[in-house]
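S.K.: Mind folding the following:
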Amino acid sequence: LIVAKTHQSEIALKNAFAKQLCHKRYRALVRGKITLDDRDDYVIVEQPVQGKESKSLIRPVRYVQRQHHDDWYTVVDLWPVTGRNHQLRRHMKFLGHPIVGDKRYGGRTNVAEGEATDSFLQQANNTGENLVDQRLCLWAMEITLPHPATQKEQTFQMEDPSWLGRVIQWLE
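M.R.: This is a model prediction of the structure:
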């Protein structure tokens, strides 16, 4: 969340977003194993969103195999180059790797045994607390933008969500 303290700062921030001077990084847990070609650093998705040009960069960060199953999950970092509504969620669905917990673009896919691939979301860990409570596994992790007064580029970031770590530990 970015809040401008003055009207002048609000205008400067809006202009920075309009000129694509602000860069955001998200982290998500997605279904399946996303792999890269040896020569690629990112998966690039340029699927239009609502008829408009859109582009996202996706990089796998970690692979997680569900214990005693063949199910794979990938922790990914995502960079939206354009800023369309639900762009990252739509692009992950387009790739066939929907974000875990995404009720709109993820759906529930049954595996051969008839079990939902993200059924672990409804199960409890050994402390009895629900791991996910049907949360969307997508977090805003970092934003880089020009300071509205000085125009000096600044980066703000948060630590990995502890909740993501608990889900990964439970899966493994």
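S.K.: Where does Q20 fall, secondary structure wise?
M.R.: For Q20, there is no helix or strand it lies in under DSSP states H and E.
S.K.: how many neighbours does it have?
M.R.: Q20 has 10 neighbours, counted by other Cβ atoms under 10 Å. For every residue, glycine as well, the C-beta is placed using N, CA and C.
S.K.: worst-scoring helix or strand of the protein, pLDDT-wise?
M.R.: Ranked by mean pLDDT, DSSP states H and E, the weakest helix or strand in the chain is helix 162-171, scoring a mean of 79.
S.K.: What residues sit buried inside it?
M.R.: By 16 or more other Cβ atoms under 10 Å, the buried positions in helix 162-171 come out as 164, 167, 170-171.
S.K.: Check which helices and strands that helix sits against.
M.R.: With contacts taken as 3 or more Cβ pairs under 8 Å, 6 or more residues apart in numbering; DSSP states H and E, helix 162-171 sits against strand 23-31, strand 56-65, strand 72-80.
S.K.: Show me how far that helix is from its chain's centre.
M.R.: How far helix 162-171 lies from its chain's middle: 15 Å, per Cα atoms, centre = their mean, to the nearest Å.
S.K.: what about the strands in this structure?
M.R.: 23-31, 43-45, 56-65, 72-80, 138-146, 153-157 (DSSP state E).
S.K.: need those strands in CSV with distance to Q87, mean pLDDT and mean neighbour count, can you?
M.R.: Below are the strands of the chain laid out as CSV (distance: least, Cβ to Cβ, whole Å; pLDDT from 0 to 100; neighbours: other Cβ atoms under 10 Å):
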stretch, distance to Q87, mean pLDDT, mean neighbour count
strand 23-31, 10, 95, 21
strand 43-45, 9, 95, 17
strand 56-65, 6, 94, 16
strand 72-80, 5, 95, 20
strand 138-146, 11, 95, 16
strand 153-157, 20, 95, 11
